[in-house]
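Student: Model the following, please.
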Amino acid sequence: MSEKEDAPITGLEKIMVYFNEILEINHPIAIAKIVEDTGFSWSFIKKTLAKIKEEYDGFHFEKSGSTWIIWKDRNHLIKKLDETCSHLLDEP
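Tutor: Predicted structure coming up:
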């Protein structure tokens, strides 16, 4: 086994695996479902999702009524790129 395979996986990495491998495209779920599936606390997941939203494309995280929901719009989340014109797509 390589050193990387032996290294412990972080909470962020576990949540990224959950999104990339388990979450279906365009199928919103509540944070409570992620808590149930991963065993992480609600507050840890919410904090981690906020970080993912800032750093990755293909991921949506917002409040709907009294529930926080998330979904992805592609197979795998991708790291946002610096110095691209993609930021212009989000501007009004």
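Student: pLDDT below threshold where in the protein?
Tutor: Across the chain, residues meeting the criterion (pLDDT under 70) sit at 1-8, 83-92.
Student: all strands of the chain, in order?
Tutor: Listed in chain order, the strands of the chain (DSSP state E) span 29-30, 56-57, 59-64, 67-72, 78-79.
Student: Need the winner for burial among those.
Tutor: Counting by mean count of other C-beta atoms under 10 Å, strand 67-72 has the highest mean neighbour count of those, with a mean of 17. Every C-beta, even on glycine, is put in place using the N, C-alpha and C of the backbone.
Student: Next, the angle strand 59-64 makes with it.
Tutor: If you take axes from the mean of the first three to the mean of the last three C-alpha atoms, to 10 degrees, strand 67-72 sits at 160 degrees to strand 59-64.
Student: Which residues does strand 67-72 contact?
Tutor: 19, 23, 25-32, 34, 46, 49, 58-63 (C-beta atoms under 8 Å, 6 or more residues apart in numbering).
Student: then it to CSV, C-alphas only?
Tutor: As requested, C-alpha coordinates have been extracted for strand 67-72 and formatted as CSV (Å, rounded to 0.1, in the frame of the first residue of the first chain):
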residue,chain,number,x,y,z
THR,A,67,-34.5,22.9,5.9
TRP,A,68,-31.1,23.1,4.4
ILE,A,69,-30.9,21.2,1.2
ILE,A,70,-28.0,20.2,-1.1
TRP,A,71,-27.6,18.8,-4.6
LYS,A,72,-25.1,18.4,-7.3
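Student: And the contacts of stretch 10-24?
Tutor: By C-beta under 8 Å, 6+ apart, the surrounding residues in contact with stretch 10-24 are 9, 29, 34, 37-38, 40, 44-45, 48-49, 51-52, 59, 70-72, 75-77.
Student: Can you give me the end-to-end span of it?
Tutor: Across its full length, stretch 10-24 reaches 22 Å end to end, with C-alpha to C-alpha, to the nearest Å as the criterion.
Student: Pull out the buried positions in it.
Tutor: Residues of stretch 10-24 classed as buried under the neighbour-count rule (16 or more other C-beta atoms under 10 Å) are 15-16, 19, 23.
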